[in-house]
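Engineer: Fold the following and give me the result.
(one chain, ligands or ions: 1)
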Amino acid sequence: MNTVNHNLNSYPVGFFDSGVGGLSVYSKFKKILPLENTLYFGDLYHLPYGNKTQQELVSYARSILDFYKEKQVKAVVIACNTSSAQAYDIIKNEYDFRIYPIIQSCAKVIALQNIEKLGVFATQATVNSGVYTKELKKYNPAIQVKEIACPNWVNIVESGAYKNSSALVDIKKHLDEMLEFKPNKIILGCTHYPYLIPLLEKFAAQEIFIDPAEIFVEYIKNDMKTLGMLNLGDRKPYEEIYVSANPESFVEHAKIFYEITQQPKVNKLGE
Ligand code: DGL
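Structural biologist: This is a model prediction of the structure:
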């Protein structure tokens, strides 16, 4: 992570994800840091990220970070586990603004929660990276971690298919497999998955699931505060919403987490 210019507090914080998932982080950020100016980029053109190669994911992250560089952000929040797992390490020193990856920012707090057996539901690319297990074991070498990929869950959220019985069958299948491991807690290691809590809690107590969004936003807040980066201005903050495709679908499926009050601007970032 790089240092920042302390005079730029009113510059915006940029967020990105493949779609609406990152709004589970964005909405908490807006509540906890309501004075910050914010930008959100939903890369729906490349959705889902979970089945992409590392090379592709690095290229998507670079395009979005280059865009945010032009927008003069003071920080970028990678509100996407897949990009944090596959792209962050490669691009982290290429920009002179702060970059916050969700997995690496939350691992310490989760690892120190006295959990013996921890489940992780995530995308295929996140599971393939092994980054969750690696980061958690850094802070708690004894923790037992089981990662399970749920390849259909992002599409279930982005297509609004959570009302279909086939979605319920798919969710139960992965949950049954996870419960055989007898985890004390299960991380929802993809920012889309908290949308599925109402379905998951049909089969398991809600308390077992960890949505890292709140831990993540607290981490960002403390870090920005320590660095003197918080916006303390009294002007009404602005937000800008961008997508690389399908603005209508984005607005429609965002609703559970965040009411989009403006027509998102479409920017394909050179595709
Ligand atoms: N929401 C993202 C994540 O946290 C990406 C999901 C996807 O597009 O596959 O992993």
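Engineer: Run through the helices of the chain in chain order.
Structural biologist: 23-32, 54-70, 81-86, 88-91, 102-111, 124-129, 131-139, 153-158, 165-180, 197-200, 213-226, 247-254 (DSSP state H).
Engineer: highest average neighbour count across those helices?
Structural biologist: Most buried of these by mean neighbour count (mean count of other Cβ atoms under 10 Å) is helix 81-86; its value is a mean of 30. Just so you know, the C-beta spots here come from the backbone N, C-alpha and C atoms, and that holds for glycine as well.
Engineer: near the ligand, anything from that one?
Structural biologist: Yes: using Cβ under 6 Å from any ligand atom, we find that helix 81-86 touches the ligand at 81-82.
Engineer: Does anything pack onto that helix? Which helices or strands?
Structural biologist: When contacts are defined as 3 or more Cβ pairs under 8 Å, 6 or more residues apart in numbering; DSSP states H and E, helix 81-86 packs onto helix 54-70, helix 102-111, strand 117-122, helix 124-129, helix 131-139.
Engineer: Check what pLDDT the nearest residue to Ile260 once chain neighbours are set aside gets.
Structural biologist: Excluding the flanking residues, the one nearest Ile260 by Cβ to Cβ, 6 or more residues apart in numbering is Val251, at 4.7 Å. We have a pLDDT of 95 for Val251.
Engineer: Look at the closest residue to Asp170 other than its chain neighbours and say how many residues are nearby.
Structural biologist: The shortest distance from Asp170 to any non-neighbouring residue, by Cβ to Cβ, 6+ apart, is to Asn152 (5.2 Å). Asn152 has 17 neighbours, counted by other Cβ atoms under 10 Å.
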